[in-house]
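Undergrad: Quick one, what's the 3D model for this:
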Amino acid sequence: MVAGSVGPTGELFEPMGALTHEAAVASFTAQIRGLLDGGADVAWIETMSSPEEVSAAADAASTVGLPYVATYSFDTAGRTMMGLLPQGVSDTFTSQPVAPLAIGANCGVGASDILVTLLHMKDAPYAVVTKGNCGVPHFEGTEAVYSGTPKLMANYATLAIDAGARIIGGCCGTTPEHLAAMRAAIDNHVRGPAPTIDTIVEQIGPLTNTMPTDNAKRPARRSRR
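TA: Now for the predicted structure:
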């Protein structure tokens with residue numbers, strides 16, 4: 001099965017920016033139709049920060065007739081750049097006429113952080129995806145090098161199973177060698193209890209972000225004028 005990647009436009013939606021829902025749907029529709037014509041079986045909507053943008057991309061996928069998966073990037077103190085908490089992701093799809101195949105998180109700031117994000121999404125009414133970066137990047141000269149070894153990513157994959165993920169992958173810095181180690185670990189793992197944050201830090205490494213608590217308030221939405 002081939003998934004066609006659909007990333008963010010890079011524009012802000014009204015009223016903070018100039019992008020309208022209609023313009024975003026038109027742009028995503030053109031892209032997703034091209035992916036369908038190229039052989040994609042699924043629209044993979046990823047690295048998103050705004051519910052408005054995910055809704056527009058989901059509308060476009062439904063218009064084209066491709067099933068879709070949608071994942072956000074939680075890279076700002078445990079939230080997306082636009083302030084969405086992991087436990088609020090499901091709300092994006094309550095009014096969608098076509099439900100997603102799966103929802104979840106990708107990219108962000110490292111494997112430890114995305115596993116904690118996953119713990120906040122495990123009760124979602126959809127299959128959950130985690131597609132974490134291969135550790136945390138640092139520069140060696142002019143080259144960005146990721147800290148995650150194949151062994152670390154294999155451990156990440158088994159913890160992701162325990163935390164409730166149904167689809168597991170790697171994002172930035174992940175190589176075929178990492179994926180092979182993850183595949184072998186997944187095939188040989190028997191699901192156990194959900195890991196604690198302490199377990200995640202012990203096996204994968206320290207968190208980059210300070211995670212919001214479960215009862216953290218969501219930011220107020222600005223009303224459309």
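Undergrad: how about the nearest residue to the spatially most central residue of the chain, chain neighbours excluded?
TA: Nearest to the mean C-alpha position of the chain, counting by Cα atoms, centre = their mean, stands Ala105 at 2.0 Å. In space, and not counting its chain neighbours, Ala105 is closest to Thr117: 4.8 Å by Cβ to Cβ, 6 or more residues apart in numbering. To be clear about C-beta, it is placed using only N, CA and C from the backbone, and glycine gets the same treatment.
Undergrad: Please apply the same query to Phe13.
TA: In this structure, Phe13 finds its nearest non-sequential neighbour in Glu52, 4.4 Å apart by Cβ to Cβ, 6+ apart.
Undergrad: Next: Glu53.
TA: Pro8 (5.9 Å).
Undergrad: Would you list the phi and psi of that neighbour?
TA: phi -70, psi 160 (degrees, to the nearest 10).
Undergrad: Just give me the neighbour total for it.
TA: 17 (other Cβ atoms under 10 Å).
Undergrad: How about Glu202?
TA: Count around Glu202 with other Cβ under 10 Å applied: 12.
Undergrad: Surely it forms part of a helix?
TA: Yes - under DSSP: H, G, I helix; E, B strand; the rest coil, Glu202 falls within a helix.
Undergrad: who touches it in this structure?
TA: Counting by Cβ atoms under 8 Å, 6 or more residues apart in numbering, Glu202 touches no other residue.
Undergrad: Which parts of this structure are strands?
TA: For the chain, the strands defined by DSSP state E cover 3-6, 42-48, 68-72, 102-107, 127-132, 137-140, 143-146, 167-170.
Undergrad: most tightly surrounded among the ones you listed?
TA: strand 68-72 (a mean of 28; mean count of other Cβ atoms under 10 Å).
Undergrad: Quick one: mean pLDDT for it?
TA: When pLDDT is averaged along strand 68-72, the result is 98.
Undergrad: Then stretch 55-65?
TA: Mean predicted lDDT for stretch 55-65 stands at 98.
Undergrad: Other residues contacting it?
TA: For stretch 55-65, using Cβ under 8 Å, 6+ apart, the contacting residues are 6, 21, 24-25, 27-29, 31-33, 36, 43, 45, 48, 67-68, 70, 92-93, 95-98, 100.
Undergrad: switch the cut-off to 7 Å
TA: By Cβ atoms under 7 Å, 6 or more residues apart in numbering, the surrounding residues in contact with stretch 55-65 are 6, 21, 24-25, 28-29, 32-33, 36, 43, 45, 68, 70, 92, 96-98, 100.
Undergrad: which parts of it are buried?
TA: Using 16 or more other Cβ atoms under 10 Å as the test for burial, stretch 55-65 gives 55-62, 64.
Undergrad: Quick check: nearest residue in space to Tyr126, chain neighbours excluded?
TA: Ile103 (4.9 Å).
Undergrad: what's across from that neighbour in the sheet?
TA: Ala70, Val128 (DSSP bridges).
Undergrad: ok, it touching Leu84?
TA: No - look at Ile103 against Leu84 with Cβ atoms under 7 Å: they stay out of range, at 11.8 Å.
Undergrad: Alpha carbons only: can I get the longest helix anywhere in the chain in PDB?
TA: Ordering each helix of the chain by length in residues (DSSP state H) puts helix 21-37 first. Output in PDB follows, covering the C-alpha atoms of helix 21-37 (Å, rounded to 0.1, in the frame of the first residue of the first chain):
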ATOM      1  CA  HIS A  21     -10.900  27.200   3.900                       C
ATOM      2  CA  GLU A  22     -12.000  27.300   0.300                       C
ATOM      3  CA  ALA A  23      -8.600  28.200  -1.000                       C
ATOM      4  CA  ALA A  24      -6.900  25.500   1.200                       C
ATOM      5  CA  VAL A  25      -9.400  22.800   0.000                       C
ATOM      6  CA  ALA A  26      -8.700  23.800  -3.700                       C
ATOM      7  CA  SER A  27      -5.000  23.500  -3.200                       C
ATOM      8  CA  PHE A  28      -5.100  20.200  -1.300                       C
ATOM      9  CA  THR A  29      -7.600  18.800  -3.900                       C
ATOM     10  CA  ALA A  30      -5.100  19.500  -6.700                       C
ATOM     11  CA  GLN A  31      -2.300  17.800  -4.800                       C
ATOM     12  CA  ILE A  32      -4.300  14.800  -3.700                       C
ATOM     13  CA  ARG A  33      -5.700  14.200  -7.100                       C
ATOM     14  CA  GLY A  34      -2.100  14.200  -8.400                       C
ATOM     15  CA  LEU A  35      -1.200  11.700  -5.800                       C
ATOM     16  CA  LEU A  36      -4.100   9.500  -6.700                       C
ATOM     17  CA  ASP A  37      -3.200   9.700 -10.400                       C
END
